[in-house]
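> I need the structure of the sequence given here:
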Amino acid sequence: MSQDDQKRLAGRAAMRYVEDGMIVGVGTGSTVAHFIDALAERRADIEGAVSSSEQSSRLLKERGIPLLDLNAVGDIPLYVDGADECDGQKCLIKGGGAALTREKIVAAAARRFVCIIDPAKRVDVLGRFPLPVEVIPMARSYVAREIVRRGGQPVWRDGVVTDNGNWILDVHGLRITAPVELERELNQIAGVVTVGLFAQRRADVVLVGAEEMR
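Alright, predicted model coming up:
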């Protein structure tokens, strides 16, 4: 089975958590695009969606799914998103699509976070995928130096501007055995907006293809 087939299975499998009348948080990326396609088939059954990126907002609008403002709806019952890596504790690396800040906000506001991935995203230890860190532009060099002091190798994702007007550093060379602690530490560097570690608020459910990870 191809990787895209696995992504499609995961996207459709997440529909089992969608209930009538729900407001659904929707993430970003190729696997989530399959979830949006499936969600569109039940758009009349849900109240609407809270989107984590401009890219997903466009897809949702194209498929006739009402877009809702998180400030207006408060907590949401369900958030569905993908990941770039997932360890055995359901901690994640996210941000390959540069939407990590909004993704982290919607995940924090959700009572249940369902992560949908293909098998290639499963790892024993996070860090093979470079860790994205969103930074205020004027702080890029300072944050990079602080990351080097902590053993990382930051690379500026040149030419990429987030939906929030910020820049991304992709941190190579990490073996993240204590993701909660590292997330907390990097968040304290002045100029960091968001770290692409989802460990303090990790996934509640991970679907690998159609199967739930135990």
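
> If you drop the residues flanking it in sequence, what lies closest to Leu100?
Leaving aside its chain neighbours, Leu100 sits nearest to Gly196 (4.6 Å; criterion: C-beta to C-beta, 6 or more residues apart in numbering). Placement of C-beta: from N, CA and C, glycine included.

> what's near enough to touch the one you found?
Listed by C-beta atoms under 8 Å, 6 or more residues apart in numbering, the contact partners of Gly196 are 84, 93-95, 100, 131-134.

> Go again with 10 Å.
Contact analysis of Gly196 by C-beta atoms under 10 Å, 6 or more residues apart in numbering lists 83-85, 92-96, 98-101, 103-104, 126, 129-134, 168-171, 183, 186.

> Which of those fall within strands?
Using DSSP state E to define strands, the subset of the contacts of Gly196 located there is 85, 92-93, 131-134, 168-171.

> Distance check, the residue nearest to Leu100 against Lys61.
26 Å (C-beta to C-beta, to the nearest Å).

> And for Asp37?
To Lys61, Asp37 is 14 Å away according to C-beta to C-beta.

> Check Gly21 too.
When C-beta to C-beta is the yardstick, Gly21 and Lys61 sit 21 Å from each other.

> More neighbours: which of these two?
Neighbours per residue, other C-beta atoms under 10 Å: of Gly21 and Lys61, the larger number sits with Lys61, 13 against 8.

> now the more buried one, what's its secondary structure?
Secondary structure assignment for Lys61 (DSSP: H, G, I helix; E, B strand; the rest coil): helix.

> Count the neighbours of the closest residue to it other than its chain neighbours for me.
In space, not counting the residues next to it along the chain, Lys61 is nearest to Leu67; the distance is 6.5 Å by C-beta to C-beta, 6+ apart. Neighbouring residues of Leu67 were enumerated by other C-beta under 10 Å; the total is 14.

> Any idea how far stretch 45-62 is from the middle of the chain?
For stretch 45-62, the gap between its own C-alpha mean and the chain's C-alpha mean amounts to 15 Å (C-alpha atoms, centre = their mean, to the nearest Å).

> again with stretch 6-16
On the basis of C-alpha atoms, centre = their mean, the separation between the geometric centre of stretch 6-16 and that of its chain is 16 Å.

> Return the set of buried residues in that stretch.
By neighbour count, and taking 16 or more other C-beta atoms under 10 Å as the criterion, the buried residues in stretch 6-16 are 6-14.

> cool, and stretch 41-54?
Buried residues in stretch 41-54, counted by 16+ other C-beta under 10 Å: 46, 48-53.

> Check stretch 53-66 too.
Of the residues in stretch 53-66, those with enough neighbours to count as buried (16+ other C-beta under 10 Å) are 53, 55-57, 59-60, 65.

> Give me the subset of those lying in strands.
Among the buried residues of stretch 53-66, the subset assigned to strands under DSSP E is empty.
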